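J.: What follows is a predicted protein model with its sequence.
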Amino acid sequence: MLEDTTAGDLSFYHFAVLRQALEVIALFLGKPYLGYVLQQIEVENPDEVVKVINFIQP
């Protein structure tokens, strides 16, 4: 699966992995919200990013 992905080609798989990583980090930090991690790494509009990640999930 990873061999089929070229640079600049994002698929549902990438968003699923991103969401899973953010959830694991948030739970490790004791926070139930993955937007918390985005806030801590100073992502602009973390709530909007969470909405995009949730919308793109299959």
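T.: That came through fine. These figures come from a predicted structure and were not determined experimentally.

J.: Who are the packing partners of the lengthiest helix in the chain?
T.: With residue count as the measure and DSSP state H as the assignment, the chain has helix 12-28 as its longest helix. Based on contacts counted as 3 or more CB pairs under 8 Å, 6 or more residues apart in numbering; DSSP states H and E, the elements that helix 12-28 packs against are helix 35-40, helix 46-56. Yep, even glycine has a C-beta here, placed from its N, CA and C like the rest.

J.: and the nearest residue to residue 22 once chain neighbours are set aside, what does it touch?
T.: Setting aside the residues directly before and after it, residue 22 is nearest to residue 34 in space (CB to CB, 6 or more residues apart in numbering), at 4.0 Å. Residue 34 is in contact with 19, 22-23, 25-26, 50, 53, counting by CB atoms under 8 Å, 6 or more residues apart in numbering.

J.: Tell me the pLDDT of the residue lying closest to residue 56 once chain neighbours are set aside.
T.: Spatial nearest neighbour of residue 56, chain neighbours left out: residue 15 (4.6 Å); criterion: CB to CB, 6+ apart. According to the prediction, residue 15 has pLDDT 82.

J.: and the gap between residue 15 and residue 34?
T.: The span separating residue 15 from residue 34 equals 12 Å under the rule CB to CB, to the nearest Å.

J.: That concludes my questions; thank you for your assistance.
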